[in-house]
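Chemist: Sequence and predicted structure, then a few things I'm wondering about:
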Amino acid sequence: MIDKISASIADALADVRDGATVLIGGFGTAGIPGELIDGLIAQGARDLTIVNNNAGNGEAGLAALLKAGRVRKVICSFPRQADSQVFDGLYRSGQVELELVPQGNLAERIRAAGAGIGAFFSPTGYGTELAEGKETRVINGKPYVLEMPIHGDVALIRAERGDRWGNLTYRKAARNFGPVMAMAATTTVATVHEIVELGALDPETVVTPGIFVQHIVKIPRVATQAGGAR
């Protein structure tokens, strides 16, 4: 019987190894799998390469993982913002590497990994420092830069509902990078707020099929200051 439900976050993350490339869903704070990031800190894996849209907010989530000294490199499209002080300090002191990737290229590099695409040409970044050291080509009179896929050892994503086979649905904008990251990783761990019986999810609403998911963990909703829930 296929049953991908893990009893705890600790169980789901037990096999994350030092030096792993970890794809972490979320766009800013929307869809960030905070409970899984906290679990990764507790698990203890080090020298991680983290792939996310940004490099952490405030002192929680990705910022907490960075502050704990577990990250060797960050691959993202938006590393600096008003409250990115943790990343700023580590980067300026040479304690963490940065690979800056335009947002569209970031999404497509992850998607390419999941789709089995060896590489692709993109016009974004041509003629800038982001293209240094990369192959370029003129196609139909337009210059392009060769971009390589981003594969993950582990993907950590936040979903809304799931079943024991690992089929997932998402809540609105919390979906963001989750689906492509699940496809691009060897092991995907997802949190959900509700686990339903097989067949309860309308197949038309399943965004991430269970074939791309290895572990799901149910977590409670957390009330926000505005009185809502996430």
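Modeler: Yep, it's here.
Chemist: Please make it C-alpha for all contacts and neighbour counts, starting now.
Modeler: Will do.
Chemist: For the helix or strand harbouring Y144, list every residue counted as buried.
Modeler: Using DSSP states H and E, Y144 sits within strand 142-147. Neighbour-count burial for strand 142-147 flags 143-147 (criterion: 16 or more other CA atoms under 10 Å).
Chemist: And stretch 82-99, by the same measure?
Modeler: The neighbour-count check on stretch 82-99 (16+ other CA under 10 Å) flags 84-88, 90-91, 96, 98 as buried.
Chemist: Between the two ends of that stretch, how far is it?
Modeler: 20 Å (CA to CA, to the nearest Å).
Chemist: what's the average pLDDT for that stretch?
Modeler: Stretch 82-99 shows an average pLDDT of 94 in the prediction.
Chemist: now swap in stretch 138-157 and tell me
Modeler: Across stretch 138-157, the average pLDDT comes to 98.
Chemist: now do stretch 184-198
Modeler: On average, stretch 184-198 scores 98.
Chemist: mind listing what's buried in that stretch?
Modeler: Neighbour counts over stretch 184-198 (16+ other CA under 10 Å) mark 184-193, 195 as buried.
Chemist: distance from the centroid: which residue in the chain tops it?
Modeler: G141 (35.1 Å; CA atoms, centre = their mean).
Chemist: gap between it and G104?
Modeler: G141 sits 22 Å away from G104, going by CA to CA.
Chemist: Quick one: classify L106 as helix, strand or coil.
Modeler: For L106, the assignment made with DSSP: H, G, I helix; E, B strand; the rest coil gives helix.
Chemist: hey, what's I50 bridged with?
Modeler: Counting by DSSP bridges, I50 is bridged to V22, V74.
Chemist: tell me the contacts of it?
Modeler: By CA atoms under 8 Å, 6 or more residues apart in numbering, the contact list for I50 reads 21-24, 71, 73-75.
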